[in-house]
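Visitor: test case, fold it:
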Amino acid sequence: MKNPSKWLVFILVAIAQFMVVLDNAITNVALPTIKNQMHFTTNALQWVVTAYALTFGGFLLLGGRAADIFGRKRTLLSGMAAFTLFSFLIGISHSSSELIILRALQGASGAFMSPSALSIVLVTFRDGSLRNKALSYWTLVASGGAAIGLLLGGVLTQYLGWRWNFFINVPIGLVMTILIARIVPEHEKEDSKKSLDIPGAILATSSLMLSVLAFSQAPIWGWTSLKTLGLLGIAVALLAGFIANEAKVKKPLMPLSIFKIRNVRGANMIMAPLYASMLGAFFLLTLYLQDILHMSPVMTGLSFLPFPIILAITSRQMPSLVGRYGFKRFLVAGPLVVIAGFLWLTQLGVHSSYWVGILPAAILMPLGIGMTMMPTIAAATSGVASKEAGVASGLISTSQQMGGALGLSILSGLAASITSNSLHLGAQGAAVHGYHIAFLASAGFMLVASLVAMTIIRTPRKPHSEETEAVAASRKLEPSFTH
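Guide: Now for the predicted structure:
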């Protein structure tokens with residue numbers, strides 16, 4: 001199609017992004033059913049989420065670089081085709097190990113879809129006001145995808161089976177691949193030098209993967225065992241190799257010079273524990289609602305609905321508030337509100353009601369996250385040269401996913417360890433006690449985020465002018481924790 005409407009192009013690539021967001025939310029609600037039918041242990045179940053988050057975060061920067069080199073449309077179509085194929089294969093998988101491997105491949109596919117789709121939006125809407133409007137709708141796609149995914153995931157799991165949470169991607173993916181191929185125009189490549197930092201991507205992803213494996217297996221192997229410490233040692237060595245590689249390679253995935261900017265360092269140090277606590281909290285809350293309170297998948301999805309709704313409302317109000325007051329005070333206060341929600345969850349019992357035990361926390365946590373998310377992106381992009389804005393936003397996206405993967409591993413491993421040592425409380429009592437300690441650890445993560453904001457983050461001398469650019473950058477990220 002010649003000269004298609006800008007908004008038609010937006011709708012097509014937004015649906016592609018919607019697939020990624022929808023899949024994350026759907027999977028979260030289906031976890032207890034997957035656990036029972038695929039014979040996962042509680043400790044191994046977290047890999048259904050972690051495998052996806054690891055590869056998604058690990059290859060996100062590589063996916064963005066591939067879009068610049070090979071073309072945005074081509075990279076998006078390749079990622080979507082792979083995402084659709086792996087969704088189908090997950091639906092017909094027969095073992096837990098097969099499912100985890102396919103989820104990792106699905107996450108890698110998503111890492112090539114998301115940055116390509118967003119970059120098509122950015123080059124399609126070059127005008128400032130239209131671009132901000134498009135990015136605002138992009139954020140709504142993320143929030144709406146999370147809300148719809150929670151409900152749809154419950155319905156599909158309860159009435160058709162958990163496999164349909166992945167089968168649903170197949171017809172959508174096939175149709176959208178055809179439409180995007182025919183309608184979305186080709187975009188010029190930004191870099192003609194075909195130089196992909198594949199060693200950097202492998203080193204970074206391998207380091208995080210081994211770290212997650214060590215933390216997830218520590219309750220079984222022992223926290224001070226040679227296996228646990230050995231894996232962590234190898235992970236540290238691989239991370240050192242990644243840093244050395246980035247320092248010498250001509251086209252690094254992550255230019256180390258960007259860490260010289262104080263707010264960039266601080267914002268990434270905030271984002272990692274932020275996602276670490278929230279991804280783990282959703283995982284444990286899903287198990288609590290279905291395994292302890294015996295809620296159906298549909299009711300579980302409805303139970304989570306306050307989260308994306310409040311998050312979307314709060315996030316929409318933050319740009320004007322940050323423009324008026326700056327971002328530091330919200331970065332300090334937001335995590336403290338989330339901590340209040342986690343402390344409320346530590347009072348859950350075997351027979352707690354949703355309305356008293358969970359709903360107050362489901363209101364406090366998204367309120368605090370909404371206060372924190374956009375200001376974090378504002379801090380991550382303030383003082384960054386325009387030529388490095390893409391690197392800064394890509395880095396904060398990577399901190400999201402990697403922090404989430406590592407945090408989920410730590411929290412689920414901690415909960416499993418406490419549960420196994422508390423069996424004198426009964427099976428359900430031991431599980432709830434494990435959740436309590438994990439929620440306390442989540443509160444600890446958020447306290448770290450608040451302290452980092454208090455001691456490292458600096459408000460620019462001219463916050464209003466830099467905030468204008470940061471608002472646009474903040475809308476590029478997905479305020480979704482329902483992985």
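
Visitor: tell me which stretches of the stretch 151-300 of the chain form strands.
Guide: With strands called from DSSP state E, counting those that start in this stretch, the stretch 151-300 of the chain shows none.

Visitor: which stretches of it form helices?
Guide: Ranges of helices within the stretch 151-300 of the chain are 164-167, 169-183, 198-221, 226-248, 262-287, 297-304, based on DSSP state H, counting those that start in this stretch.

Visitor: state the mean pLDDT of stretch 167-183.
Guide: Averaging pLDDT along stretch 167-183 yields 93.

Visitor: which of the residues in that stretch are buried?
Guide: Under the neighbour-count criterion of 16 or more other CB atoms under 10 Å, stretch 167-183 has 167-169, 172-173, 176-177, 179-180 buried. In short, each C-beta sits where N, CA and C put it, glycine included.

Visitor: could you do stretch 286-302 as well?
Guide: Buried residues in stretch 286-302 (16+ other CB under 10 Å): 286-293, 295, 297-302.

Visitor: before we move on, the earlier item: ok, the buried residues of stretch 167-183 vs residue 67, which is closest?
Guide: residue 180 (13.7 Å; CB to CB).

Visitor: what's the spacing between the closest residue in space to the closest one that isn't next to it in sequence and residue 72?
Guide: In space, and not counting its chain neighbours, residue 180 is closest to residue 12: 5.2 Å by CB to CB, 6 or more residues apart in numbering. For residue 12, the distance to residue 72 equals 13 Å [CB to CB, to the nearest Å].

Visitor: so what's the predicted local confidence for the most centrally placed residue in the chain?
Guide: By CA atoms, centre = their mean, the chain has its centre lying nearest to residue 401, at 4.5 Å. If you check residue 401, the pLDDT there is 77.

Visitor: go ahead and confirm it touches residue 52.
Guide: No - Residue 401 is beyond contact range of residue 52, at 9.1 Å (criterion: CB atoms under 8 Å).

Visitor: please identify the most buried of the helices of the stretch 151-300 of the chain.
Guide: helix 262-287 (a mean of 25; mean count of other CB atoms under 10 Å).

Visitor: and residue 221, what pLDDT?
Guide: 85.

Visitor: in this structure it contacts residue 227, no?
Guide: Yes - Residue 221 is within contact range of residue 227, at 4.6 Å (criterion: CB under 8 Å).

Visitor: I'd guessed residue 108 sits against residue 59; true?
Guide: Yes - using CB under 8 Å, residue 108 is in contact with residue 59, at 5.0 Å.

Visitor: pick out whichever of the two has more residues nearby.
Guide: residue 59 (28 against 25; other CB atoms under 10 Å).

Visitor: who's in contact with the more buried one?
Guide: Counting by CB atoms under 8 Å, 6 or more residues apart in numbering, residue 59 makes contact with 107-108, 111-112, 201, 205.

Visitor: one more: residue 417?
Guide: Residue 417 touches 218-219, 223, 434, counting by CB under 8 Å, 6+ apart.

Visitor: max pairwise distance over those: which two?
Guide: 223 and 434 (15.2 Å).

Visitor: neighbour count for the two, which is higher?
Guide: residue 434 (26 against 13).

Visitor: look up how far residue 291 lies from residue 344.
Guide: For residue 344, the distance to residue 291 - CB to CB - is 20 Å.

Visitor: do the same with residue 429
Guide: 13 Å.

Visitor: the host helix or strand of residue 103 vs helix 169-183, what angle?
Guide: If you go by DSSP states H and E, residue 103 is part of helix 96-124. Calculated by axes from the mean of the first three to the mean of the last three CA atoms, to 10 degrees, helix 96-124 forms an angle of 30 degrees with helix 169-183.

Visitor: give the buried residues for helix 96-124.
Guide: Those would be 96, 99-122, 124, for helix 96-124 by 16+ other CB under 10 Å.

Visitor: swap in stretch 365-380?
Guide: For stretch 365-380, by 16+ other CB under 10 Å, it's 365-380.

Visitor: could I have the CA atoms of it written out in PDB?
Guide: Presented in PDB, the C-alpha positions along stretch 365-380 are these (Å, rounded to 0.1, in the frame of the first residue of the first chain):
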ATOM      1  CA  MET A 365       1.400  -1.000  45.300                       C
ATOM      2  CA  PRO A 366       0.300   0.400  41.900                       C
ATOM      3  CA  LEU A 367      -0.100   3.800  43.400                       C
ATOM      4  CA  GLY A 368       3.600   3.700  44.500                       C
ATOM      5  CA  ILE A 369       4.800   2.100  41.300                       C
ATOM      6  CA  GLY A 370       2.900   4.800  39.300                       C
ATOM      7  CA  MET A 371       4.600   7.500  41.300                       C
ATOM      8  CA  THR A 372       8.000   5.900  40.600                       C
ATOM      9  CA  MET A 373       8.000   4.600  37.000                       C
ATOM     10  CA  MET A 374       7.800   7.800  35.000                       C
ATOM     11  CA  PRO A 375      10.200   9.800  37.300                       C
ATOM     12  CA  THR A 376      12.700   6.900  37.000                       C
ATOM     13  CA  ILE A 377      12.700   7.200  33.200                       C
ATOM     14  CA  ALA A 378      12.900  11.000  33.600                       C
ATOM     15  CA  ALA A 379      16.000  10.600  35.800                       C
ATOM     16  CA  ALA A 380      17.500   8.000  33.400                       C
END
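
Visitor: avg pLDDT for that stretch?
Guide: Here stretch 365-380 scores 86 as its mean pLDDT.

Visitor: tell me the pLDDT at residue 213?
Guide: The model's pLDDT for residue 213 equals 81.

Visitor: neighbours of the closest residue to residue 301 other than its chain neighbours, how many?
Guide: Of all residues not flanking residue 301 in the chain, residue 154 sits nearest, at 3.2 Å (CB to CB, 6+ apart). Using other CB under 10 Å, residue 154 is surrounded by 24 other residues.

Visitor: for residue 154, give me its contacts.
Guide: 29, 296-302.

Visitor: and if we set it to 6 Å?
Guide: 29, 297-298, 300-301 (CB atoms under 6 Å, 6 or more residues apart in numbering).

Visitor: quick one: which of the residues you listed is nearest residue 424?
Guide: Out of the contacts of residue 154, the member with the shortest distance to residue 424 (by CB to CB) is residue 300, at 28.8 Å.

Visitor: please parse this structure into its domains.
Guide: 1-187, 197-250, 258-483 (automatic domain parsing).

Visitor: one step back: tell me how far the residue nearest to residue 301 lies from residue 37.
Guide: 16 Å.

Visitor: flag every buried residue along stretch 409-426.
Guide: Buried residues in stretch 409-426 (16+ other CB under 10 Å): 409-419, 422.
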